[in-house]
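In: give me a 3D structure for the following:
(chains A, B, C and D)
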2 protein chains.
Amino acid sequence: MKNKALQEQRIRGYFIEATKEILKSEGLKSVSVRNIAEKAGYSFATLYNYFKDAKDLVFLCVQDFQEECSAHVVTRSAKAARGGKKLRAILLAYLEYFVQYPGIFELFFMEKLSELNKQPETASMITGFPDRLCEEEWKYLIANKTVSAAAAANKRAALLYGLSGLLLLYINRQMPAGYPAFLKAANTFIDSQLKEMNT
Amino acid sequence: MKNKALQEQRIRGYFIEATKEILKSEGLKSVSVRNIAEKAGYSFATLYNYFKDAKDLVFLCVQDFQEECSAHVVTRSAKAARGGKKLRAILLAYLEYFVQYPGIFELFFMEKLSELNKQPETASMITGFPDRLCEEEWKYLIANKTVSAAAAANKRAALLYGLSGLLLLYINRQMPAGYPAFLKAANTFIDSQLKEMNT
DNA sequence: TTTATAATTTGAACAGTGTTCATTATATTT
DNA sequence: AAATATAATGAACACTGTTCAAATTATAAA
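Out: Modelled structure (predicted):
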């Protein structure tokens, strides 16, 4: 009787798809149990038969969004020459994605994880994400002796912190003011972190 | 008849004090109109006679918290020698304050500003805050030719972004895991940004 | 001091949340 | 077809924010 599992998984999918739609269009503020259920075609009470929480449901979208973001980054950085150039292109595309979908940034970095859920998993999945996007390129740079493994580790951390903060300030506090100024700040910051490499 | 203005200001103060208490103890999640009003000794409806919103009220606490944080930073960095050392002490004390009061970090950097309020004022008051803490020290370093004005501007921006991101990830995503690891990451990051200065 | 007027405080009421649970409806098995 | 198991649902409760007319209090006038 594996039909049951299949049908159950399908229904879960309807709820997840509904949540993703709301997140991308109206943002996290519009995500409510009754809202999701209506878009999924079920009663709000049904949601609780398949998920513990609406927060639970929301964090199940993280993986899908990461894949979407990865695809965007790959496309946007495809033409860049390998090495520092490509790294820059990847990071800029990463920023671009979250500027386009501020609700997803909110979900990734600002929404509180439901306690005791699978906090560590989801949290590290999120915090490790930008780093994974760059992994191949760092390996390449280290292999080419452009940068030492130790220096690379420091730069990776600095980029993770800096870009997270940059997005936080731009999305939440309009600083810098306007997208061109943001782009300039991002370029300046990335360059300052990537310098002193034998590009 | 300036008694009226005085009394009005006092009542506003009661509400603000109540809000501050809640923010520091239970955090932003426990801030509600009825909650604040009860602590202030008034009905929830009275709040609307003195403030447009509970959000309005919350952002009036920002200035008080900044002063408290400033005082903490001054105390903690008093013994450090001027220059790079002092700058480091200031930034570490800044981080320390927000780690101690995550609710205040949430308020400063994550809470949405009520639209059309005094968004630009409050936003720049917040984003400029860490920079103001360091202002004197950067001036000193520039005057001593330890660093050029241009390089200083870049480093200031990088530190603002990086430390914001570091706090965001640590407070919201437990990354790095544990306070010691956080402190180490903070030190490494600050050092990497302050290096290449003739300290 | 008593009365009339102005100002302030307040709770009822409404529309939203999330969540639980007994009831209803559907599907499955006998 | 009847009995049983499974799934879907809306009522109900406790919270949110917010408005507004009524009640209370303070002030001014008689």
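In: around chain B, which positions in chain A sit nearby?
Out: Taking CB under 8 Å from any CB of the partner chain as the criterion, the neighbours of chain B within chain A are A:109-110, A:112-113, A:119-120, A:123-124, A:126-127, A:154, A:157-158, A:160-166, A:168-169, A:172-175, A:185, A:188-189, A:192-193. In this view, the C-beta of every residue, glycine as well, is placed from N, C-alpha and C.
In: give me the ChimeraX select line for those, limited to the buried ones.
Out: Listed next is the ChimeraX selection for buried residues among the residues of chain A next to chain B, using 16 or more other CB atoms under 10 Å in any protein chain shown:
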select /A:109,110,113,123,126,127,154,157,158,160,161,162,163,164,165,166,168,169,172,173,174,175,185,189,192,193
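In: mind telling me what element residue A:82 is part of?
Out: In this structure, residue A:82 sits in neither a helix nor a strand according to DSSP states H and E.
In: pull up the gap between it and DNA strand C, please.
Out: The spacing between residue A:82 and DNA strand C, counted by CB to the nearest atom of the strand, to the nearest Å, is 46 Å.
In: residue contacts, the spatially most central residue of chain A?
Out: When CA atoms, centre = their mean is applied to chain A, the residue found nearest the centroid is residue A:66 (5.1 Å). Under the criterion of CB atoms under 8 Å, 6 or more residues apart in numbering or on different chains, the contact list for residue A:66 reads A:125, A:129.
In: helix, strand or coil for it?
Out: In terms of secondary structure, residue A:66 is helix; the call rests on DSSP: H, G, I helix; E, B strand; the rest coil.
In: who's in contact with the helix-or-strand element of chain A with minimal mean pLDDT?
Out: When each helix and strand of chain A is scored by mean pLDDT, DSSP states H and E, helix A:119-127 comes last, with a mean of 88. By CB under 8 Å, 6+ apart, the list of residues contacting helix A:119-127 from outside reads A:59, A:62, A:63, A:66, A:108, A:109, A:113, A:160, B:169, B:173, B:174, B:175.
In: between which two of those is the distance greatest?
Out: Distance extremes for these: the farthest pair is A:59 and A:160 at 20.2 Å, using CB to CB.
In: just the ones of the residues of chain A next to chain B in helices?
Out: Per DSSP state H, helices hold the following members of the residues of chain A next to chain B: A:119-120, A:123-124, A:126-127, A:154, A:157-158, A:160-166, A:168-169, A:172-173, A:185, A:188-189, A:192-193.
In: spell out which residues of chain A are next to DNA strand D.
Out: Counting by CB under 7 Å from any atom of the strand, chain A comes close to DNA strand D at A:4, A:8, A:11, A:42, A:43, A:44, A:45, A:46, A:48, A:49, A:50.
In: which one in the residues you listed is the model shakiest on?
Out: Looking at pLDDT alone, these dip lowest at residue A:4, where the score is 73.
In: domain parsing for chain A?
Out: A:3-59, A:61-194 (automatic domain parsing).
In: turn these into CSV, columns for distance to residue B:25.
Out: Rendered in CSV, the data for those read as follows (distance: least, CB to CB, whole Å):
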stretch, distance to residue B:25
domain A:3-59, 23
domain A:61-194, 17
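In: buried deepest among these, which one?
Out: Looking across the domains of chain A with neighbours counted as mean count of other CB atoms under 10 Å in any protein chain shown, the highest average goes to domain A:61-194: a mean of 17.
In: for the residues of chain A next to DNA strand D, work out which two are farthest apart.
Out: Put simply, by CB to CB the two of the residues of chain A next to DNA strand D set farthest apart are A:4 and A:44, 23.0 Å from each other.
In: quick check: next helix or strand after the least confident helix or strand of chain A?
Out: As assigned by DSSP H and E, the chain's next helix or strand after helix A:119-127 is helix A:129-143.
In: for DNA strand D, what's the nearest residue on chain A?
Out: residue A:45 (2.7 Å; CB to the nearest atom of the strand).
In: name the element that residue belongs to?
Out: Assessed by DSSP H and E, residue A:45 sits inside helix A:44-50.
In: where does chain A dip in pLDDT?
Out: Under the criterion of pLDDT under 70, the regions of chain A flagged as low confidence span A:1-2, A:115-119, A:198-199.
In: and if we set it to 80?
Out: Within chain A, the stretches with pLDDT under 80 are A:1-4, A:114-120, A:196, A:198-199.
In: and it, which residues reach DNA strand C?
Out: Proximity of chain A to DNA strand C (CB under 7 Å from any atom of the strand) is limited to residues A:1, A:3, A:31, A:32, A:33, A:34, A:35, A:44, A:45, A:48, A:53, A:54.
In: secondary structure and distance to residue A:97 for those residues - can I get that in a markdown table?
Out: As requested, the residues of chain A next to DNA strand C are exported to a markdown table (DSSP: H, G, I helix; E, B strand; the rest coil; distance: CB to CB, whole Å):
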| residue | secondary structure | distance to residue A:97 |
| --- | --- | --- |
| A:1 | coil | 42 |
| A:3 | helix | 38 |
| A:31 | coil | 20 |
| A:32 | coil | 25 |
| A:33 | helix | 28 |
| A:34 | helix | 29 |
| A:35 | helix | 24 |
| A:44 | helix | 31 |
| A:45 | helix | 35 |
| A:48 | helix | 32 |
| A:53 | coil | 26 |
| A:54 | helix | 24 |
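In: make TSV out of the residues you listed and add distance to residue B:84.
Out: Converted to TSV, the residues of chain A next to DNA strand C look like this (distance: CB to CB, whole Å):
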residue	distance to residue B:84
A:1	69
A:3	68
A:31	46
A:32	50
A:33	52
A:34	55
A:35	52
A:44	57
A:45	60
A:48	56
A:53	47
A:54	48
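In: nearest to residue B:143 among these?
Out: Ranked by distance to residue B:143 (CB to CB), those are led by residue A:31 at 51.9 Å.
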